[in-house]
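S.K.: got a predicted model here, sequence first, then my questions.
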Amino acid sequence: MNPANPASVKFSDDTLDRLTSFVEEQRKDLFIITDDVYGTFADNFVSLFAKLPYNTLCVYSFSKYFGATGWR
């Protein structure tokens with residue numbers, strides 16, 4: 001079996017704002033993990049981590065950022 005990368009989705013500004021409001025107003029105990037590895041390839045990308053830093057763990061990959069995909 002050959003695993004492949006899953007498709008990625010960029011949240012709209014509205015979705016980010018609604019999620020931020022939900023956490024700040026209703027679920028301050030909620031902790032979110034976001035995988036922003038493909039963020040550098042999306043126009044005007046804003047991470048949830050930038051909007052909700054105290055409730056978000058941001059996962060990232062330097063190999064994608066520096067164009068060294070597959071280097072470990």
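M.R.: Yep, it's here. Numbering: from 1, shown residues only.
S.K.: any idea of the pLDDT on the closest residue to residue 45 other than its chain neighbours?
M.R.: Among residues not flanking residue 45 along the chain, residue 39 sits closest, at 4.2 Å (C-beta to C-beta, 6 or more residues apart in numbering). C-beta here means a position set from N, CA and C on the backbone, and glycine is covered the same way. With respect to pLDDT, residue 39 scores 79.
S.K.: any idea how far residue 39 lies from residue 25?
M.R.: Remark: distance between residue 39 and residue 25 (C-beta to C-beta, to the nearest Å) = 26 Å.
S.K.: more neighbours: these two, which one.
M.R.: residue 39 (18 against 8; other C-beta atoms under 10 Å).
S.K.: give the buried residues for the helix ranked longest in the chain.
M.R.: With secondary structure taken from DSSP state H, the chain has its longest helix at helix 13-25. Neighbour-count burial for helix 13-25, counted by 16 or more other C-beta atoms under 10 Å, picks out 16, 19-20, 23.
S.K.: any low-confidence regions in this structure?
M.R.: 1-6, 62-72 (pLDDT under 70).
S.K.: and the strands in it?
M.R.: 32-35, 56-59 (DSSP state E).
S.K.: can I get the CA coordinates of the last one in CSV?
M.R.: In CSV, the C-alpha atoms belonging to strand 56-59 read as follows (Å, rounded to 0.1, in the frame of the first residue of the first chain):
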residue,chain,number,x,y,z
THR,A,56,-4.5,26.1,19.0
LEU,A,57,-1.5,23.8,18.4
CYS,A,58,0.0,24.5,15.0
VAL,A,59,1.7,21.7,13.1
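S.K.: looking at it, residue 60 is touching residue 36, isn't it?
M.R.: Yes. Using C-beta atoms under 8 Å, residue 60 is in contact with residue 36, at 5.5 Å.
S.K.: who's more crowded, these two?
M.R.: residue 36 (21 against 16).
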